[in-house]
Every structure is written in C-alpha cells, then in structure tokens.
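Visitor: Need a 3D model of the following:
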Amino acid sequence: MQAFGQSKGISEVTIQAACEGLKAAQYSPDSLSEVTLTVDHLQQLTGLPEGQVYSLRHFARVWCGKVDAKRAKLSH
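Guide: Residues are numbered from 1 along each chain as shown. The predicted model follows:
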C-alpha cells in the first residue's frame with residue numbers, strides 16, 4: 001500500500017486509513033483484484049474515491065504478478 005500511495009501521490013494518512021480498513025476486513029493484496037469484490041465495497045473499506053480504487057486493484061494485480069514471478073524463479 002505504501003508503494004501504491006507513493007506512485008499515485010496519495011498522502012500517508014489516506015493510505016494508512018485505507019490499510020486499516022483492509023486489515024480489519026482481512027483483505028490481502030491478491031484478493032483486491034477478485035472480480036467479485038465490488039468497487040463500491042472497496043470504497044467503503046478504504047475511503048478511497050472510485051478512480052483510486054480502480055488504480056489500487058490494477059496495482060495489486062501487477063504487484064502480485066511480480067511476486068508470483070519471483071517465487072517461481074526462486075523455486076527452480
């Protein structure tokens with residue numbers, strides 16, 4: 001979340017509040033891109049506006065892809 005906030009110019013306070021909402025609901029980065037998770041629900045959890053929620057979902061997908069690729073590379 002810190003990297004997302006920095007990349008989008010979102011304040012530390014806003015990112016911290018979003019993190020708290022996601023942690024309280026026990027969401028992890030990989031679950032943010034689930035198609036069944038609605039933008040409205042993510043907005044409620046994070047307090048982020050719609051556009052930032054879409055950006056967060058995209059960022060999480062890309063980030064998880066990079067992590068998965070690193071894990072695959074290390075397991076070989």
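
Visitor: so how far is the first residue of stretch 4-20 from its last?
Guide: 15 Å (CA to CA, to the nearest Å).

Visitor: cool, and stretch 6-18?
Guide: From start residue to end residue, stretch 6-18 stretches across 14 Å - CA to CA.

Visitor: In it, which residues are buried?
Guide: Within stretch 6-18, the residues that count as buried by 16 or more other CB atoms under 10 Å are 10, 15, 18. Yep, even glycine has a C-beta here, placed from its N, CA and C like the rest.

Visitor: I'd like the average pLDDT over the longest helix along the chain.
Guide: In terms of residue count, the longest helix belonging to the chain (DSSP state H) is helix 50-75. Helix 50-75 carries an average pLDDT of 89.

Visitor: Show me what counts as buried in it.
Guide: Of the residues in helix 50-75, those buried (16+ other CB under 10 Å) are 52-53, 55-57, 59-60, 63-64.

Visitor: again with stretch 16-28
Guide: Buried residues in stretch 16-28, counting neighbours by 16+ other CB under 10 Å, are found at 18, 21-22, 27.

Visitor: which one of the residues you listed is nearest Gln6?
Guide: Gln6 has its nearest neighbour among these in Ala18, at 13.3 Å by CB to CB.

Visitor: who touches stretch 38-52?
Guide: Counting by CB atoms under 8 Å, 6 or more residues apart in numbering, the neighbours of stretch 38-52 from elsewhere in the structure are 8, 10, 14, 17-18, 21-22, 24-25, 27, 32, 53-54, 56-57.

Visitor: so of those residues, which ones are in helices?
Guide: The subset of the contacts of stretch 38-52 located in helices under the criterion DSSP H comprises 8, 14, 17-18, 21-22, 24, 53-54, 56-57.

Visitor: Please report how far Val53 lies from Thr38.
Guide: When CB to CB, to the nearest Å is the yardstick, Val53 and Thr38 sit 9 Å from each other.

Visitor: I meant His76, not that one.
Guide: From His76 across to Thr38, the span is 37 Å (CB to CB).

Visitor: which of those two has more neighbours?
Guide: When His76 and Thr38 are compared for neighbours, Thr38 comes out ahead with 11 against 4, by other CB atoms under 10 Å.
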